[in-house]
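> sharing a model that was predicted from the sequence below.
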Amino acid sequence: MATASEFEEDIAAIVRSTTVATLLETITLATGMGFATVARVTDARWITCQAVDHIDFGLRPGDELDVETTLCHEVRNYGEEIVIDDVHSDPHYVDHRCPAQYGFRSYISVPIRQADGSFFGTLCAIDPAPRQLKQDRILSMFRLFARMIGEVLDNDTALTQSNAALTQERALAEQQEQFIAILAHDLRNPVNALTAGLRMIERRIDDAQATQLVGLMRASVNRMALLIENLLDQARKRSGGGIIIERQENTDLDAALAQIIAELQAVAPDQQINATIDLPVAINCDAPRISQMFSNLLANAVTHGPEGIPITVGASIEGGDFVLAVTNGGPKIPEQMQPTLFEPFQRGGDRPSREGLGLGLFIASEIAKGHGGTLSVTSTDQQTTFAFRMPMAPAP
């Protein structure tokens, strides 16, 4: 049984349908009938959904009749069409109270059913004068139009359900993003505490093996901090805040890049990293963001580059641009995967990742855009290079 809201939605679907309005106009033109309507009919109610009225019958959308005084009530009860050319000569309806009460002589009503077979109402027409309605073409037209109206209802129901599902999915996605953002934010404090504690331990030990172990632990904590920053940046991007870039002249960017290389080298001691960093002038950039981008690119190379083939890092000034490139060996990235490499949560089925959330390249790309630069990928059968290029002079 339909709920009250579903009942109202069904009626509203017919009221706003231009298709139904056109069908009703067509009926009056094809038959000469003065009044045509789509009525929602239940065991207790008869409600006008849409109507074309050329005889001042007086019903508008939302108006009701006493359902038991209508012939549509009989159509619903028996599931059969009613067609009357002239009440005065019709043996079944000549003495019926309905034609006399509503003042019509010709009448036609066919049931409207939805795809599941449920009865919605009727497509009916009346006129104070006799009309030739018992014709195959007239009946076929009414049956076709009733079926089309049923399809209008089915389509509207499907659209409503789809919109409801989409709204629910959006709400769920927003909750998930809020949860990720809150989680990432709350993880900052324990990670910062671990970092501070490891620094204190490192100062107080003089055992070489212990010092190396603490270095590995610090590198792991730094990776955790980077993942947290990536999650927060993704949350900001999704909420419309974007990644904040604060550019200034930096003369120690080379040292920051070298520090990141050292940290990742500690995590992967068997992976050789060859770096050529030549930055003789100050770089106008957001150094922490450039460092974050570089860390993401280098971590990606360590993850996907095969052991035994060195990773190559280059940072230099070329033709008035700051260029930062990371190259690792290994098979070519498939062409079909390359367009989606910089999308969030994309890790690539043919290049399975051993760690990470698939946000590193996305965040790196956003940082590049924030600097007015570009991040591109070039991949061959022997090696893959991610290169960041940024004009030295920032755009006004």
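All right, it came through fine.

> any idea whether the nearest residue in space to residue 14 that is not next to it in sequence is helix, strand or coil?
Once its chain neighbours are removed from consideration, residue 14 has its nearest residue in residue 49; the separation is 3.7 Å (Cβ to Cβ, 6 or more residues apart in numbering). In this view, the C-beta of every residue, glycine as well, is placed from N, C-alpha and C. When states are read from DSSP: H, G, I helix; E, B strand; the rest coil, the local structure at residue 49 comes out as strand.

> now do the same contact list for residue 49.
Residues counted as contacts of residue 49 (Cβ atoms under 8 Å, 6 or more residues apart in numbering) are 11, 14, 15, 20, 37, 38, 39, 40, 61, 121.

> what ranges does the stretch 51-200 of the chain have for its strands?
Listed in chain order, the strands of the stretch 51-200 of the chain (DSSP state E, counting those that start in this stretch) span 64-65, 82-84, 106-113, 119-127.

> for residue 253, which of those is the nearest?
In this view, the strands of the stretch 51-200 of the chain are compared for proximity to residue 253 by Cβ to Cβ, and strand 119-127 is the closest at 70.6 Å.

> would you mark the buried spots in the closest one?
By neighbour count with 16 or more other Cβ atoms under 10 Å, strand 119-127 contains the buried residues 120, 121, 122, 123, 124, 125, 126, 127.

> thought residue 142 was touching the fourth one, still the case?
Meaning residue 123. Yes - applying Cβ atoms under 8 Å as the test, residue 123 and residue 142 come out as touching, 6.0 Å apart.

> what do these two both touch?
The contact lists of residue 123 and residue 142 share 27, 110, where a contact means Cβ under 8 Å, 6+ apart.

> for the helix or strand encompassing residue 213, the distance to its chain's centre please.
Under the assignment given by DSSP states H and E, the secondary-structure element containing residue 213 is helix 208-238. Relative to its chain's centre, helix 208-238 lies at 32 Å (Cα atoms, centre = their mean, to the nearest Å).

> report the buried residues of the helix or strand that it is followed by.
Past helix 208-238, further along toward the C-terminus, the next helix or strand under DSSP H and E is strand 248-250. If you call a residue buried by 16+ other Cβ under 10 Å, then strand 248-250 has these buried ones: residue 250.

> which residues are contacting strand 248-250?
Where contact means Cβ under 8 Å, 6+ apart, the residues beyond strand 248-250 that reach it are 282, 283, 284, 285, 286, 287.

> which ones are touching residue 388?
If you count contacts by Cβ under 8 Å, 6+ apart, residue 388 has them with 293, 297, 322, 323, 324, 325, 364, 368, 373, 374, 375.
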